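1. Kindly generate the corresponding structure for this input.
(chains A and B)
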Amino acid sequence: MVDTMLERVTRLGEFEWEVPRGTVPGMSVPGRFFLSDSLYKSLESGAVQQLANVATLPGIIRYSLGMPDIHWGYGFPIGGVAAFERDTGVISPGGVGFDINCGVRLLSTPLTIDDLGHRRELIETLYQAVPTGVGAKGPVRLSIGDLEDMMVQGAAWPVRQGYGLAEDLDHCEERGCMTQADSLAVSAKAKQRGMPQSGTLGAGNHFLEVQVVKEIYDPGAAEAFGIHPGQVCVMIHCGSRGLGHQTCTDHLKVLEGATKRYNIELPDRQLACAPLSSPEGMAYFGAMAASANYAWANRQMIMHTTRTVLGKMYGIDYESMHLVYDVAHNVAKMEEHSIEGKRIAVCVHRKGATRAFGPGSPDLPPRYAKTGQPVIIPGSMGSSSYLLRGTETAMERTFGSTCHGAGRILSRSAAKKTINGAKVKNSLSREGIIVRAPNDAAIAEESPGAYKPSAEVVRIVDALGISNLVARLEPLGVIKG
Amino acid sequence: MSYEELDHTADIRLRVISPSLDSLFAETALAMMKIIYGEPCPGEVGRTLELEAGNTENLLLDFLSEVLFLSEVEYLVFSSAIVHLAGNSLKALLTGEPFDPERHRGGTEIKGISYSGLRIVKEDEGYVLDILFDV
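-> Predicted coordinates for the structure are as follows:
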């Protein structure tokens, strides 16, 4: 099985590979993925199998796609992108994941590295201010009414409460709110989990990182994004917490039953799905959108805390810190794309992939109309993160999508066995990078050695043109969940 | 407790082996607690669960999802589980202690339990479960 999967892969170009139809029974389109020679060596057969499995889902258009951070997940591979025709296609929680709208945002500041002073104190203050890790409670206890409003309004809810600026909303994908949100489709259990957790970072690969802009590749786009060399920025990576996890759990169960009722044959039960137009499919979509809105509100609350800390410590105005952009990594969206010259309404699933809409896209604010959407690619802990821009090529080739991060190469257990968290922390500290986490195992699991080199991943997307490099940011300090 | 971690790049995949389905369910729930909280200690707080599902695999998934939910919303770390299955329904008694940030932050959050690769097989050595947790 292991060899059969990889043996079926054919090479189409320097960075492009195909998984032909027939690799698993029932594929209606081929799989396509993008990797360099060096990254191909780390490709798991499980990821190829999952890419092929997605190609069996009803209504899939053109290809089951894998971005250069493709790796073995559950349901869809991580780095997986697939579009389904609105009228004949399906929606699947396996194409979104448990952490609905796990995403990342970048906050720019007027500070330079020389202004920071005692970096350890800054990181410790942020660590105390932003609740992190297992069992953390948020700074604001929401009422059920607040939570309902948050699920409907998304990032606008905290902004209306004074936790942000109106301009922040222009700089979020979907303006930080999917209008199809249906909070009635979110269970009481999910709401119970969501109420105490708003404004918490979570655990695992989630982080808040203080960074410095080290290199500019595209001065024009960098200027539009408000980014310049030596500038201090803050990157926030987290998702919809227990509310999203429970929503996925609840609807997966319903869709598992629905799959049989709609006579859909699946190679993996995690791909449980239902037609987009079915009651079950619509209920999941509405609940997923509500959870996505909660995630945008969550990142907005954390950014507010960050602005407040930086304002107090360095005497800078709240309004002088700008949200560059906020992108979702795990989400399904109704979008229009040009397929063979026709505009078609599709549901694009991005599972560990970033939207990368090109210049002129109506979804972008005027400020980014000429550059294309800012695309934020976090590096693994201690390595560079990148700012890119969306392109016309992405619109043509990948349903306006690109990679979402570095992508793991080492399992968490292997990382814990082979990497010593305390040593990683000390070695990063020698490089001037301060790490604050609840335990050393969390540091070992997420250390740079467990991930593909982020530089190689972004080199591929840039060379392919599915997004183009704008700037490189280096970490100064990170708090982890 | 008899479980081992299987290879998986992004998430945590376990193989749990146990002589009966009752103990398999209980051991998997405790393995999950250990992943999230590190080593739990015995406690006095008890919670009961009653569930039914269409088949054994779905029952296990529902049971583990329920344990995850209870643990998170009630801030409880379970260190003992007694499970009785009757057909496709179960009764469970979970006991443990309240979450203590000083002692229970040694693990990693589990976001959900996946259907991917889920299988329970009866072999000579007992029931063998393969299961994947999204972390």
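
2. secondary structure element for residue 17?
-> Unless you meant another one, I'm taking chain A. strand A:16-19 (DSSP states H and E).

3. that answer is for a different chain, and I need it for chain B
-> Assessed by DSSP H and E, B:I17 sits inside strand B:12-18.

4. tell me what that strand is packed against?
-> strand B:3-6, helix B:21-37, strand B:126-134 (3 or more CB pairs under 8 Å, 6 or more residues apart in numbering or on different chains; DSSP states H and E). (Each C-beta comes from the backbone N, C-alpha and C, glycine too.)

5. I'd like those written out as a markdown table, with mean neighbour count and mean pLDDT added.
-> Formatted as a markdown table, the helices and strands packed on strand B:12-18 follow (neighbours: other CB atoms under 10 Å in any protein chain shown; pLDDT from 0 to 100):
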| stretch | mean neighbour count | mean pLDDT |
| --- | --- | --- |
| strand B:3-6 | 15 | 88 |
| helix B:21-37 | 22 | 96 |
| strand B:126-134 | 21 | 95 |
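
6. Can you name the residues that contact the residue nearest the centre of chain B?
-> Central residue of chain B (CA atoms, centre = their mean): B:A29, 1.6 Å from the mean position. Going by CB atoms under 8 Å, 6 or more residues apart in numbering or on different chains, B:A29 touches B:F63, B:L64, B:V67, B:F78, B:A81, B:V83, B:A92, B:L94.

7. mind listing what the fourth one touches?
-> B:F78 makes contacts with B:A29, B:L30, B:M33, B:P40, B:R47, B:V67, B:S71, B:L94, B:T95, B:G96, as judged by CB under 8 Å, 6+ apart.

8. Next step: those residues restricted to strands.
-> Taking DSSP state E as the definition of strands, the contacts of B:F78 contribute B:R47, B:L94, B:T95, B:G96.

9. How about the last one: which residues does it bridge to?
-> The residues paired with B:G96 through beta bridges, assigned by DSSP bridges, are B:V45, B:F78.

10. Quick check: it vs chain A, distance?
-> Per CB to the nearest CB, to the nearest Å, B:G96 is found 13 Å from chain A.

11. other SSEs contacting the worst-scoring helix or strand of chain B on mean pLDDT?
-> In chain B, the helix or strand scored least confidently by mean pLDDT, DSSP states H and E is strand B:3-6, which has a mean of 88. The contact analysis (3+ CB pairs under 8 Å, 6+ apart) places strand B:3-6 against strand B:12-18, helix B:21-37.

12. Now do the helices in the stretch 301-450 of chain A.
-> A:392-397, A:412-418, A:421-430, A:440-445 (DSSP state H, counting those that start in this stretch).

13. Out of these, which is closest to chain B?
-> Within those, the stretch nearest chain B is helix A:412-418; the backing value is 4.5 Å (CB to the nearest CB).

14. So which bits of that closest one are buried?
-> A:R412, A:S413, A:A414, A:A415, A:K416 (16 or more other CB atoms under 10 Å in any protein chain shown).

15. And stretch A:365-375, by the same measure?
-> A:Y368, A:T371, A:G372, A:Q373, A:P374, A:V375.

16. of those, closest to chain B?
-> A:V375 (21.3 Å).

17. what residues does chain B put near chain A?
-> B:5, B:7-12, B:36-38, B:54, B:58, B:61-62, B:65, B:69, B:72-73, B:75, B:99, B:101, B:104-109, B:111-118, B:132, B:134-135 (CB under 8 Å from any CB of the partner chain).

18. Show me which of these are buried.
-> Looks like the residues of chain B next to chain A have B:5, B:8-12, B:36-38, B:58, B:61-62, B:65, B:69, B:72, B:99, B:104-109, B:111-118, B:132, B:134-135 buried, using 16+ other CB under 10 Å.

19. residue ranges of the strands in the stretch 51-200 of chain A, please?
-> A:64-74, A:76-85, A:90-91, A:103-112 (DSSP state E, counting those that start in this stretch).

20. Parallel or antiparallel, which strands does the first one pair with?
-> Strand A:64-74 has the following strand partners under DSSP bridges: strand A:31-34 (parallel), strand A:76-85 (antiparallel).

21. Then the shortest one?
-> Next to strand A:90-91 in the sheet, as set by DSSP bridges, lie strand A:274-275 (antiparallel).

22. before we move on, what about the last one?
-> Paired with strand A:103-112 in the same sheet, following DSSP bridges, are strand A:231-238 (antiparallel), strand A:322-328 (antiparallel).

23. In the chain, where is pLDDT below threshold?
-> No chain in the question, so chain A it is. Residue ranges of chain A with pLDDT under 70: A:1-3.

24. wrong one, chain B
-> Judged by pLDDT under 70, the stretches of chain B that qualify are B:1.

25. Longest helix of it, counting residues only.
-> helix B:56-74 (DSSP state H).

26. if I look at the nearest residue to A:Q192 once chain neighbours are set aside, how far off is A:P58?
-> Of all residues not flanking A:Q192 in the chain, B:V73 sits nearest, at 5.2 Å (CB to CB, 6 or more residues apart in numbering or on different chains). Look at B:V73 and A:P58: by CB to CB, to the nearest Å, they are 36 Å apart.

27. likewise B:G96?
-> 44 Å.

28. Of the two, give the one with the bigger neighbour count.
-> The neighbour count for B:G96 versus A:P58, taken as other CB atoms under 10 Å in any protein chain shown, is higher for B:G96 (25 against 19).
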